[in-house]
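Using only what follows, build the 3D model:
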Amino acid sequence: MGMKARCQCGQIQFTTPTDKPLKLWICHCTECQHQSSSAFGITATFPYFELPESASGLVDSYTRVTLKGRELECLFCRGCGARLLHRFRDAVPAPGEQPAFSAITNVKGGCLEDLDRGMMRTAVHIWCQHAVVDIPDGVERWEQEPPKPNPLVT
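Just a heads-up that it's a prediction; the model follows:
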């Protein structure tokens, strides 16, 4: 069924491939502060998907290089400017190819209509060294990015 999502003006509407995100992130880095014009950004990670074909003429993109040197493609609505999602360019499959098993699409939290407090309790706070708001006690938090899981450990 997926989660319903839309931009601020409602021209772009889409459904995520799963009912819940794989992971929720609250990022306090300065890039997310600038992008969201707020104290932090909220990102919901889903298995890789594309926006519907009906949105193709309504979307534009901005690409930036991350601190790790990867290109991050950021898609937004041309009408209202709302950021919709972002993904790493090196994980985007070529036309007609299947995405890699590990490929993901990151949806901006404000686009998700069914995001709720219960889901947010599991969010991981990252780049807390740049936080300008208090981080709640007892949540998973990282001063920078979390370590990558070791695929050899099960």
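
Can you dump the C-alpha atoms of the worst-scoring helix or strand of the chain on mean pLDDT in PDB for me?
Least confident helix or strand of the chain, by mean pLDDT, DSSP states H and E, is helix 30-36 with a mean of 79. The C-alpha trace of helix 30-36 is given here as PDB (Å, rounded to 0.1, in the frame of the first residue of the first chain):
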ATOM      1  CA  THR A  30      24.300  22.600   8.500                       C
ATOM      2  CA  GLU A  31      23.400  21.400   5.000                       C
ATOM      3  CA  CYS A  32      20.100  20.100   6.200                       C
ATOM      4  CA  GLN A  33      19.500  23.300   8.200                       C
ATOM      5  CA  HIS A  34      20.000  25.300   5.100                       C
ATOM      6  CA  GLN A  35      18.000  23.000   2.900                       C
ATOM      7  CA  SER A  36      15.000  22.900   5.300                       C
END
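
Wait, a helix at residue 55?
Yes: Residue 55: assigned to a helix according to DSSP: H, G, I helix; E, B strand; the rest coil.

Just give me the neighbour total for the nearest residue to it once chain neighbours are set aside.
Counting by Cβ to Cβ, 6 or more residues apart in numbering, residue 55 lies nearest to residue 12, which is 4.7 Å off, once chain neighbours are set aside. Just so you know, the C-beta spots here come from the backbone N, C-alpha and C atoms, and that holds for glycine as well. Close neighbours of residue 12, defined as other Cβ atoms under 10 Å, add up to 25.

Cool, thanks, signing off.
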